[in-house]
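Enquirer: return atomic coordinates for the entry below.
(one chain, ligands or ions: 3)
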Amino acid sequence: MSYRNYHLIEKNDKLKNWIAEKVELLKPENVWICDGSLEENQEILDGLVKSGVFTKLNDQKRPNCYLARSDPSDVARVEKCTYICSENEKDAGPTNNWMEPNKMRAILNEKFNGCMKGRTLYVIPFSMGPVGGDQSRIGIELSDSGYVVVNMRIMTKMGKAVLEALKEDQEFIPCVHSVGHPLEKGEKDLSWPCNQTKYIVQFPESHQIWSFGSGYGGNALLGKKCFALRIATKMCHEEGNALAEHMLILGLTSPENKKYYVCAAFPSACGKTNLAMLNPTLEGWKVECVGDDIAWLKLNKEDGRLYAINPEAGFFGVAPGTSMKSNPNAMLSCSKDTIFTNVALTEDGDIWWEGMSKEYPKGKIINWLGKEFNAETNQIDALPLAHPNSRFTAYAENCPVADKEYYENGCKPVPVSAIIFGGRRESTVPLVLQSRDWCHGVLLGASVASERTAAAEGTQGTLRFDPFAMLPFCGYNMGDYFGYWLSFVDKVKDPNTLPKIFNVNWFRKDNGRFLWPGYGDNSRVLKWIIDRIEGKEGSAVETPVGYLPTIESLDLTGLDDLPREDLQKILTVDIDAYLSEVVKIREYHSQFGDRLPAKLSAELDALEERLKQAKN
Ligand SMILES: Nc1nc2c(ncn2[C@@H]2O[C@H](COP(=O)(O)OP(=O)(O)OP(=O)(O)O)[C@@H](O)[C@H]2O)c(=O)[nH]1
Ligand SMILES: O=C([O-])CC(=O)C(=O)O
Ligand SMILES: [Mn+2]
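Expert: Ligands and ions are numbered 1, 2, ... in the order given. A predicted model of the protein is given here:
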């Protein structure tokens, strides 16, 4: 077996043995230990272009950018094929697919046996969080996909420095990934090899990850959803004072120059990236981006506060709908050094997607499937030009509003003042509300429901519960996870040191029209949240579902066009709608049986009681 860069692993016996064992199973043609250098990256990129996987974009327009088109069947996370294989079925809980670990291991052994024939096995050492950081953790991904290597180099801290930091007795998370398409001698490769059979498997007790058959995003970039969420949730629960969450982290500076950090959990494709880098329409306010998808939080026992890091180093952002108008900072983040997946290619070698501009670009366009389209002839069978879940992979540090204080000082944990939950809800849920206290806030998280999006397979638009926006990402029983969240109030001397909890909804509609302008105007809601944190008098009214702003307490300067009836609609609590919501939440929670914390049921009962009283 020929190894490239063998010296990088030579001193670590545990790592060396693990790799050797896997090489025997996977049977690759050769092994490439990634050092993470620019030269190495360029070599892999050039190879991907040569083999037709990548198209290099126009260097004048998009320096150092590439386009990949996936197989049409491999465009999103596959939740049906995602498993939590705990020893005990009950520990995976009713919201996860489960299979007996031994049975799954037998399947995986069969699937992975020889699956890398004719291919290079890349060894990808990566750190989630800054290399050597207090809250950071290390993983090693084995993959037969060059696409995965160049994406992991953007999404994580990847390469030699990680191996140097990894001590022999230190834990690393072993991640094995294959596209599941071995090559026989002389067989020509596909531009996006994958397998119709897919397995995305987490073994929570032994902290192992195995992924087979897909090359796409959350299925294949194993540092992201598999490690930083599914395995990390389990590790945090074991340790007892940390959380791994599907949350953005933003720094918010007020006109008084006071800085606050806010985390927000919304389900996939429900606005995290947009909120994380928003340009406030309110004068004097500044938003800086720490992270747009995942937060690792840790309780500091001394001051009773939660401190957050972004375990990722890049954005894997939703492309459609992103424009210089809706999210200029995301557009600028992907103006260079970016990998685009499943977007359209324009005649001048640039990219395009629905919502980037009102009009189609001129000339010949190649859609995400490789089909030709022209604005003049307008063949509708080539639409949409970009897949609804097409994505850009961009360096966080290329974001114009990347939080300087954070990124230029070694990514040290930041103290969190507020946690926001939210989802995509046409009706019922108001623009913003504050929880009564921590436990009521946990109920808000446990009750998040959202209309389905393109980020995962399934019928779009139908409502599904997605507690804490973690439904596809919790690595253990979600009932236990609710209990764990509740327990934080008992871990601190004064509950006031914990972040205040809020719920938002940017997506209320009336006859198909959004009632709230959203995007940069969401800064008005952030300002209200700060007013609440600072205890500003008269900023809220108490309602059965929590504290809501009055129209007067929202800063609407410059929003004269917004009809006041619309505002009234999104700031009113519809008691009857909430009463039927309570029934649905209770039914949803009942699946957790004896793992549902009594304290959470009591919170829900109390909410129902308050609603009933308001009705009478
Ligand atoms: N109406 C409205 N749409 C929004 C708003 N914020 C985001 N969106 C749209 O929601 C979609 C997804 O937004 P993102 O910010 O990419 O979602 P995300 O939560 O980061 O998604 P993942 O990366 O899948 O976890 C895009 O089409 C946005 O244009 C808003 O305030 N109002
Ligand atoms: O995991 C992915 O493929 C993309 C993502 O951020 C999500 O779906 O939440
Ligand atoms: Mn996400």
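Enquirer: so P204 touches K234, yeah?
Expert: Yes: counting by Cβ atoms under 8 Å, P204 does reach K234; the two are 4.2 Å apart. C-beta coordinates here come from the backbone N, C-alpha and C atoms, glycine included.
Enquirer: can you map out the strands along the stretch 401-550 of the chain?
Expert: 414-415, 418-422, 432-434, 449-451, 463-465, 500-504, 509-510, 513-514, 541-543, 546-548 (DSSP state E, counting those that start in this stretch).
Enquirer: packing partners of the second one?
Expert: In other words, strand 418-422. Packing contacts for strand 418-422, counted by 3 or more Cβ pairs under 8 Å, 6 or more residues apart in numbering; DSSP states H and E, involve strand 259-265, helix 438-446, strand 500-504, helix 523-533.
Enquirer: need the ones you listed in CSV (columns: mean pLDDT, mean neighbour count and distance to ligand 2).
Expert: Output for these, formatted as CSV (pLDDT from 0 to 100; neighbours: other Cβ atoms under 10 Å; distance: least, Cβ to the nearest ligand atom, whole Å):
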stretch, mean pLDDT, mean neighbour count, distance to ligand 2
strand 259-265, 98, 23, 11
helix 438-446, 98, 24, 17
strand 500-504, 98, 23, 18
helix 523-533, 98, 21, 22
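Enquirer: got JSON lines for the ones you listed, with distance to I9 too?
Expert: Shown next, in JSON lines, are the helices and strands packed on strand 418-422 (distance: least, Cβ to Cβ, whole Å):
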{"stretch": "strand 259-265", "distance to I9": "36"}
{"stretch": "helix 438-446", "distance to I9": "41"}
{"stretch": "strand 500-504", "distance to I9": "45"}
{"stretch": "helix 523-533", "distance to I9": "46"}
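Enquirer: ok, for the residue in the stretch 451-600 of the chain that ligand 3 sits nearest to, nearest residue in space, not its chain neighbours?
Expert: Residue of the stretch 451-600 of the chain nearest ligand 3, by Cβ to the ion: A455 (6.9 Å). Spatial nearest neighbour of A455, excluding adjacent residues (Cβ to Cβ, 6 or more residues apart in numbering): S268 at 3.4 Å.
Enquirer: how many other residues sit next to the one you found?
Expert: 24 (other Cβ atoms under 10 Å).
Enquirer: quick check: it is in a strand.
Expert: No: read with DSSP: H, G, I helix; E, B strand; the rest coil, S268 is coil and lies in no strand.
Enquirer: that one against A456, yeah?
Expert: Yes: with contact defined as Cβ under 8 Å, S268 counts as touching A456 (6.4 Å).
Enquirer: ok so, going back, to D74, which of the strands of the stretch 401-550 of the chain lies closest?
Expert: strand 463-465 (22.7 Å; Cβ to Cβ).
Enquirer: around ligand 3, pick out the residues from the protein.
Expert: 268, 293 (Cβ under 5 Å from the ion).
Enquirer: pull the longest helix from the chain.
Expert: helix 598-615 (DSSP state H).
Enquirer: how near is Q379 to ligand 1?
Expert: Per Cβ to the nearest ligand atom, to the nearest Å, Q379 is found 24 Å from ligand 1.
Enquirer: is it true that that residue touches N367?
Expert: No: Q379 lies out of contact with N367 (Cβ under 8 Å); the separation is 9.7 Å.
Enquirer: the more surrounded of the two?
Expert: N367 (22 against 11).
Enquirer: wait, what's in contact with the more buried one?
Expert: By Cβ atoms under 8 Å, 6 or more residues apart in numbering, the residues touching N367 are 344, 373, 382-386.
Enquirer: among these, name the ones in strands.
Expert: The strands, defined by DSSP state E, take in 344, 373 from the contacts of N367.
Enquirer: who wins on neighbours among the contacts of N367?
Expert: Going by other Cβ under 10 Å, A344 tops the contacts of N367 with 29 neighbours.
Enquirer: residues of this protein that sit close to ligand 1?
Expert: By Cβ under 6 Å from any ligand atom, the part of the chain that sits against ligand 1 consists of 266, 268-274, 292-293, 317-318, 320-321, 326, 455, 506-507, 514, 518-519, 522.
Enquirer: make it 5 Å
Expert: Contacts of the chain with ligand 1, taken as Cβ under 5 Å from any ligand atom, map to 266, 268-274, 318, 321, 455, 506, 514, 518-519.
Enquirer: just the buried residues of the residues you listed.
Expert: Using 16 or more other Cβ atoms under 10 Å as the burial test, those include 266, 268-274, 318, 321, 455, 506, 518-519 as buried.
Enquirer: where's the dip in pLDDT among those?
Expert: Ranked by pLDDT, these bottom out at A455, which scores 77.
Enquirer: contact partners for that one?
Expert: A455 neighbours (Cβ under 8 Å, 6+ apart): 76-77, 267-269, 318, 389.
Enquirer: try 7 Å
Expert: 76-77, 268-269, 389 (Cβ atoms under 7 Å, 6 or more residues apart in numbering).
Enquirer: cool, and G271?
Expert: Per Cβ under 7 Å, 6+ apart, neighbours of G271: W506.
Enquirer: gap between it and ligand 2?
Expert: For G271 relative to ligand 2 (Cβ to the nearest ligand atom), the value is 12 Å.
Enquirer: all further residue positions should be reported with the first residue as 25.
Expert: Got it, first residue is 25 now, which makes that one G295.
Enquirer: next, that residue: phi, psi?
Expert: Here is the backbone geometry of G295 (degrees, to the nearest 10): phi 110, psi 10.
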